[in-house]
Every structure is written in structure tokens, then in C-alpha cells.
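In: all I have is the shape, not the residue letters:
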């Protein structure tokens, strides 16, 4: 009961003193989104980097794998 | 007209046109949700774009059988939360604060003073409590919706509201405001 009163008083105080904001979106954000998509190309997933590292290491450590890798390209 | 499930399947495959359709359809909803949390229109526009950027990056993980609006709202809530964690609002107050409990609260100057103190106390809440308190106490969203948006249980929402109220009461007392 006491908690409910506390909640109500704080709720009332917040509603009176935290100013309301207009919630309508007044412009189309798609042009900004497009710019963002062009600015930051999608990040390369970590497993692609891991795969590249495995390929490079295998070329360095076991050069005989080069013909096999070329065959699979 | 395209069926929503087809649109969602195309989006999940990384089709940019499908992403644009979803963006145009949901940008208003995402903006409204975010602006209610962060209470700044400029920041909310930037965060709407950041939300859709995260949505775009996560397209391959999206299950077209799921509800896109609920998924987008969850990502929007996390984006707003990340913003609030780094952008704590600073409201400067004088050192010697008079106690407002006995002051004339009808005075516009005093009202402004109370508003600043309440804003300061609210802005100092930890981001997770602030988001929950904003949605529960100011926006009066149902607890279940808040729980879904935050990815926590209704019980956890109630606990966060309780902790936010207790902290607010303590901070307001320190600032000379008795609710």
C-alpha cells in the first residue's frame, strides 16, 4: 500500500516536471539511412577472417597445399 | 500487394528493396518508441537510423516467421539504452540549494527550480532504471510491453521500477524536493 503511494507520488511528480515530447516523425529518414549504408559497408564476419588466416598459414607452413587451393578457387 | 511474409523472407535474404519497404513502414513506430525513452527528437532520429543499421546488419539472423515490429522494438530499446549509458544529461544546479518543501510552489520561478531538480534526479538514474521508469511511470506503458521490449520478465520490470522510485526519492530528498 505504502509502495503504491510512493509510486503514485513519484509518477505524479515526474509527469508534472518531465516535459512531454512530440512523438510524430516529421521527415522521411530513408535518405539518411541510405547515406549510412553507403558510408559503412557491412563488416566482414569473424569466421571469414579466421578462414583467411587458415589459408595464409597453410600456404606458409605447407606450400604443397597451393595447387589444391588453386584447384578449389 | 506483396504478402508481409514474402517481404520478410526477402529481407532475411538481404534484399535492399525489402529493407527499404520495412524501413518506410516502421520508421515512425521506431522513432516514436525511441523518443519516448530518450526525450530528445534529434537524438531519437539518429538512434532510429542506428536501430535500422543494426537491423540491416542482423538480417541473416532474422526468422521471417517472427514478428518484425517486436524484433525492431527490442533492438530500438537496446539502442536507446546504449545511448543513455554514455549521454547522461547534466543539469547544473547551484551549490546552496534551498529546501523547496516549504516554499511557495505556485511561484513560476520555484516551479522551474523544481523541474530542474526533478530532471537532474531523473537524469542521474542508471540507464536501465531510467528506461524502465520512463516507460512505466511517465509513458504508462503496460509492464508486459516493457518486459518484451527489454527482454526481461514482468517481475524484473517491477523490481526495476521499485528500485528507480526508491533511488529517485533519495536523490530528490538530497536536492530538497519532497514528493
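Out: Thanks, I have it. Note that the coordinates shown come from a computational prediction; the quantities given were computed from them, not determined experimentally.
In: for stretch A:4-17, which positions count as buried?
Out: A:6-7, A:10-11, A:13-14, A:17 (16 or more other C-beta atoms under 10 Å in any protein chain shown). For glycine as for every other residue, the C-beta is placed from the backbone atoms N, C-alpha and C.
In: by contact count, what packs against the longest helix along chain B?
Out: The helix that spans the most residues within chain B, counting by DSSP state H, is helix B:16-38. Identification of packing neighbours for helix B:16-38 by 3 or more C-beta pairs under 8 Å, 6 or more residues apart in numbering or on different chains; DSSP states H and E yields helix A:30-39, helix B:4-12, helix B:41-57, helix B:68-86.
In: just tell me which of those helices ends up closest to residue A:58.
Out: Nearest to residue A:58 among the helices and strands packed on helix B:16-38 is helix B:41-57; the distance by C-beta to C-beta comes to 30.2 Å.
In: can you give me the strands in chain A?
Out: Along chain A, counting by DSSP state E, no stretch forms strands.
In: show me the shaky parts of it.
Out: Low-confidence segments of chain A, defined by pLDDT under 70, are located at A:1-3, A:40-43, A:72-73.
In: and the residue of it closest to chain B?
Out: Among the residues of chain A, residue A:17 lies nearest to chain B; the distance is 3.9 Å by C-beta to the nearest C-beta.
In: so that residue sits right up against residue B:112, yeah?
Out: No - Residue A:17 is beyond contact range of residue B:112, at 9.8 Å (criterion: C-beta atoms under 8 Å).
In: low pLDDT regions in chain B?
Out: Ranges of chain B meeting pLDDT under 70: B:1-3, B:88-109, B:179.
In: for it, what lies in contact range of chain A?
Out: Chain B comes close to chain A at residues B:16, B:20, B:23-24, B:27-28, B:31-32, B:35-36, B:39-41, B:45, B:48-49, B:52-53, B:56-57, B:114-115, B:118-119, B:122, B:133, B:137-138, B:161-162, B:165-166, B:168-169, B:172, B:177, B:179, as judged by C-beta under 8 Å from any C-beta of the partner chain.
In: which of these count as buried?
Out: Here the buried ones among these, as counted with 16+ other C-beta under 10 Å, turn out to be B:23, B:27, B:31-32, B:35-36, B:39-41, B:45, B:48-49, B:52-53, B:56, B:114, B:118-119, B:122, B:133, B:137-138, B:161, B:165, B:168-169, B:172, B:177, B:179.
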